[in-house]
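> Any chance you can model this:
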Amino acid sequence: MAISFDAALGIHEDALLHRARRAEVLANNIANADTPNFKARDVEFSHVLENATKLQIKQTATAAQHKTELLEPDLAADMMFRIPNQPSVDGNTVELQQEMARYTENSLDYQASFQFLNKKFTGLKAAIKGE
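Sure thing, here's the model as predicted:
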């Protein structure tokens, strides 16, 4: 009997990828905290989930030059600008303490997703060995 990894791993693999992408976006916000007119962005999991359920289409790279990194079209569409509580004079919308708190929370979510995925693999390994 064949093992379906999509069924076995569930949503944990996609959650791990989402958390990694969100970490990149939040780190970019933190790095640009002092850049004039920089607009803070974020990726909301609920928005990504909503779009994923509407569009069950996967994008494939047709050439080696195609990028599948942070600014891929499906992720760029999910990124939203953040509205600051206290806008700065220079037009920057990054609130450093809040961004660092979001980054820390996302890091904990990433670790949790990783642990869930690790436990799934441990269970599959035990099942294959017959333990």
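> Walking through the protein, point out its strands one by one.
Assigned by DSSP state E, the chain shows strands spanning 41-43, 79-81.
> Just tell me which of these ends up closest to residue 94.
Nearest to residue 94 among these is strand 41-43; the distance by Cβ to Cβ comes to 9.7 Å. From N, CA and C alone the C-beta is placed, and that goes for glycine too.
> Confidence-wise, which of the strands of the chain is weakest overall?
Set side by side, these give their lowest mean pLDDT on strand 79-81, at a mean of 80.
> Break down this protein into its helices, ranges please.
For the chain, the helices defined by DSSP state H cover 5-9, 12-31, 45-54, 73-78, 96-129.
> and of these, who's closest to residue 85?
Closest to residue 85 of those, according to Cβ to Cβ: helix 96-129, at 7.8 Å.
> Low-confidence bits of this structure, can you list those?
Along the chain, the model assigns pLDDT under 70 to residues 1-3, 5-6, 8, 45-78.
> how about a cut-off of 50?
Counting by pLDDT under 50, the chain has low-confidence residues at 55-57, 68-71.
> Please identify the most buried of the strands of the chain.
strand 41-43 (a mean of 18; mean count of other Cβ atoms under 10 Å).
> That strand packs against which elements?
Counting contacts by 3 or more Cβ pairs under 8 Å, 6 or more residues apart in numbering; DSSP states H and E, strand 41-43 is packed against helix 12-31, strand 79-81.
> quick one: the first one to helix 96-129, angle?
Think helix 12-31. Orientation check (axes from the mean of the first three to the mean of the last three Cα atoms, to 10 degrees): helix 12-31 against helix 96-129 gives 160 degrees.
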